[in-house]
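Asks: Quick check, what structure comes out for this input:
(2 chains)
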Amino acid sequence: MSSSAKAQRPTTGSRRIVYCALLVAAGLVLFLFESLIPRPLPWMKPGLANAAGLVALYLFGAREAAAVTLLRVVVGALILGTLFNPSFFLSLGGGVTAVIAMTVVRHFGQEFFSIVGVSVCGAAGHNLAQLSLAYALIVRRAELFFLLPAMILTALFTGVVVGLLAHLMLTSGLRAWRGKP
Amino acid sequence: MRRHSGGARLWGLLTVADRVLIAALVLVSAASFAAVNRLRSTGQTVVVEADNREIYRGPLREPRRLVVHGPVGATVVEISQGAAWVSSSDCHLHICVRTGKITQAGWVIVCVPNRVVVRIEGHRHNRFDVIVG
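Replies: Numbering: from 1, shown residues only, chains lettered A, B, ... in the order given. This is a model prediction of the structure:
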């Protein structure tokens, strides 16, 4: 097991709520940041915001990860003014798929994968779901899947970055937050 | 965990399965890049000319076998699975046969003695190496 799991877990009720709220806020910052990055299709996002869900998954569990992700998607859409737009459904589908993928991989692959591997699987799920939803809801042209190789490469990159980010948040970040050197 | 520089510590974080996963995704991505390139050719058109007259025009993905008669005999043009090629020709040097398969817009097969030209038209026309009069 990686050292991220050895970090002391804040499990009591109100503490958990505070941590989840902080994670929603962190996810929102990443979500708004990535909405500024230029992309081939403006409704798609690389999925940096999944870092918040991933940290929630490792700190608490699948329920909290889902809650953090759903709240981030809804509040992010409220801030951007895209609630119930196609791009909202793409974010929703991508986020939910990523959480499901990360939960499954973490549950069944705990001995094999570190947090980075779990994150890469989540990013792949996120991007594939977004591509499929973009096909189903918006573009409806098979040529859209010409983007697939680029999406896989992007998933790889964001997956590794998000995994390392989550690892740092779970180790040094938590220590700093608690004021322990 | 040893206290190395940040990069070395993060590299040590990756398990064997992580690295296999990352390598597999790189491979899948490269393979699908190649597949997409092949697929793109399906929107393209094959044009066959004999003695400067267009005698056939059709999609590259439609399998077809054409026998073109020219000054020195017959030239057999085959089209199948996104590629066009000359499978046999009555000409001397068989340069057209040895050109092999063409798949991209702008690529040409020429049989000079039999006055046959096979070319591919499509959305991309930047594939010429050189144009000789």
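Asks: Now for chain A, the helix or strand with the poorest mean pLDDT.
Replies: helix A:174-178 (a mean of 78; mean pLDDT, DSSP states H and E).
Asks: Output the below-cut-off pLDDT ranges for the chain.
Replies: Answering for chain A, as no chain was given. A:1-12, A:141, A:143, A:179-181 (pLDDT under 70).
Asks: ah, I was thinking of chain B
Replies: Using pLDDT under 70, chain B drops low at B:1-10, B:40-43, B:123-133.
Asks: Give me the longest helix you can find in it.
Replies: Ranked by residue count under DSSP state H, the longest helix found in chain B is helix B:16-40.
Asks: Any residue of it touching chain A?
Replies: Yes: for a cut-off given as CB under 8 Å from any CB of the partner chain, helix B:16-40 has contacts with chain A, namely B:16-18, B:21-22, B:25-26, B:28-30, B:32-33, B:36, B:39-40. All C-beta spots, glycine's among them, are computed from the backbone N, C-alpha and C.
Asks: And the contacts of that helix?
Replies: A:109, A:112-114, A:116-117, A:120-121, A:124, A:145-146, A:148-149, A:152-153, A:155-156, A:160, B:14, B:82, B:103 (CB atoms under 8 Å, 6 or more residues apart in numbering or on different chains).
Asks: Which positions in it come out as buried?
Replies: Going by neighbour count (16 or more other CB atoms under 10 Å in any protein chain shown), the buried part of helix B:16-40 is B:18, B:21, B:22, B:25, B:28, B:29, B:32, B:36, B:39, B:40.
Asks: Please apply the same query to stretch B:56-68.
Replies: Neighbour-count burial for stretch B:56-68 [16+ other CB under 10 Å]: B:60, B:61, B:66, B:68.
Asks: now, which of those sits nearest chain A?
Replies: residue B:61 (13.6 Å; CB to the nearest CB).
Asks: now the closest one: how far from residue B:109?
Replies: Residue B:61 sits 18 Å away from residue B:109, going by CB to CB, to the nearest Å.
Asks: now residue A:70
Replies: Taken as CB to CB, the span from residue A:70 to residue B:109 is 58 Å.
Asks: Counting neighbours, go ahead and name the busier of those two.
Replies: Ranked by neighbour count (other CB atoms under 10 Å in any protein chain shown), residue A:70 and residue B:109 place residue B:109 first, with 23 against 16.
Asks: who's in contact with that one?
Replies: Contacts of residue B:109 (CB under 8 Å, 6+ apart): B:84, B:85, B:86, B:96, B:99, B:102, B:117, B:118, B:119.
Asks: Please identify which helix or strand holds the fourth one.
Replies: It refers to residue B:96. Element membership for residue B:96, per DSSP states H and E: helix B:95-99.
Asks: how about the helix or strand following that helix: buried residues?
Replies: Per DSSP H and E, the first helix or strand lying C-terminal to helix B:95-99 is strand B:108-111. Burial within strand B:108-111, assessed by neighbour count using 16+ other CB under 10 Å, is assigned to B:109, B:111.
Asks: Could you point out the helix or strand that follows strand B:108-111?
Replies: Counting by DSSP H and E, what follows strand B:108-111 is strand B:116-121.
Asks: and the residue nearest in space to the middle of chain B, what are its phi and psi?
Replies: Residue closest to the average C-alpha location in chain B (CA atoms, centre = their mean): residue B:103, at 2.7 Å. Residue B:103 has phi and psi values of phi -130, psi -20 when expressed as degrees, to the nearest 10.
Asks: hang on, the earlier thing: can you dump the C-alpha coordinates of the least confident helix or strand of chain A into CSV?
Replies: Below are the C-alpha coordinates for helix A:174-178, written out as CSV (Å, rounded to 0.1, in the frame of the first residue of the first chain):
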residue,chain,number,x,y,z
LEU,A,174,-2.8,16.9,5.2
ARG,A,175,0.2,17.2,7.5
ALA,A,176,0.4,20.9,6.7
TRP,A,177,-3.3,21.3,7.3
ARG,A,178,-3.1,19.7,10.7
